[in-house]
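Novice: pasting the sequence and the predicted model now:
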Amino acid sequence: MTRLPIKKKYQIYLHGPVVARFEALAARPGTNKSAILAMAITAWIDRKAANELDDRFGVRFRNYGVQLERFERDQRVLMETLALFIRLNLQRDAFLPETDEATRARGAERFRAFVAEVGRRLAQDEPSFDPEILGGLDD
């Protein structure tokens, strides 16, 4: 089994403006050229790895975003339905006579109206659970 050396020597060429900045940085106390180059190369490699991670997991995160949007929309539909149901139930007469054909027909009519109203409010983005629409019931 071959072992990699702890340190390996490389020869590099730098151009004018980079040379001046590199020499000024290396002249500071507590630094040396090898350490500066090692940190610079490590930072460059780490940035490249970050792009690779984004390429690898970016699609997955975008899919999570789409799923979250669907979940938020479904939650909005449920909140709208519940808020409107409670509001309508409190506003209308809850006491009906014994169940007969006329009562069932009236109940079916009210249910259709309820579903249509939920659809209308969702389409117009006019939520029933907004305190301003509830008319001060949040006191």
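Specialist: Sure thing, it's come through. Numbers count the residues shown, from 1 in each chain.

Novice: tell me the helices and strands packed up against the longest helix along the chain.
Specialist: Secondary structure assigned by DSSP state H gives helix 33-91 as the longest helix of the chain. Applying 3 or more CB pairs under 8 Å, 6 or more residues apart in numbering; DSSP states H and E, one finds that helix 33-91 contacts helix 16-26, helix 101-124. For the C-beta atoms, the positions are set from N, CA and C on the backbone; glycine is no exception.

Novice: and stretch 106-117, which residues are buried?
Specialist: Glu117 (16 or more other CB atoms under 10 Å).

Novice: what about the spatially most central residue of the chain, distance to Phe71?
Specialist: The residue lying closest to the centre of the chain (CA atoms, centre = their mean) is Gly65, at 5.4 Å. According to CB to CB, to the nearest Å, Gly65 stands 11 Å off from Phe71.

Novice: same check on Ala24?
Specialist: Distance, Ala24 to Phe71, using CB to CB: 54 Å.

Novice: with Arg104 instead?
Specialist: Taken as CB to CB, the span from Arg104 to Phe71 is 36 Å.

Novice: ditto for Val77
Specialist: Distance, Val77 to Phe71, using CB to CB: 11 Å.

Novice: three-state assignment of Val7?
Specialist: Heads up, residue 7 is Lys, not Val. Three-state call for Lys7 (DSSP: H, G, I helix; E, B strand; the rest coil): coil.

Novice: pull the contacting residues for it.
Specialist: Applying CB atoms under 8 Å, 6 or more residues apart in numbering to Lys7 gives no contacts.
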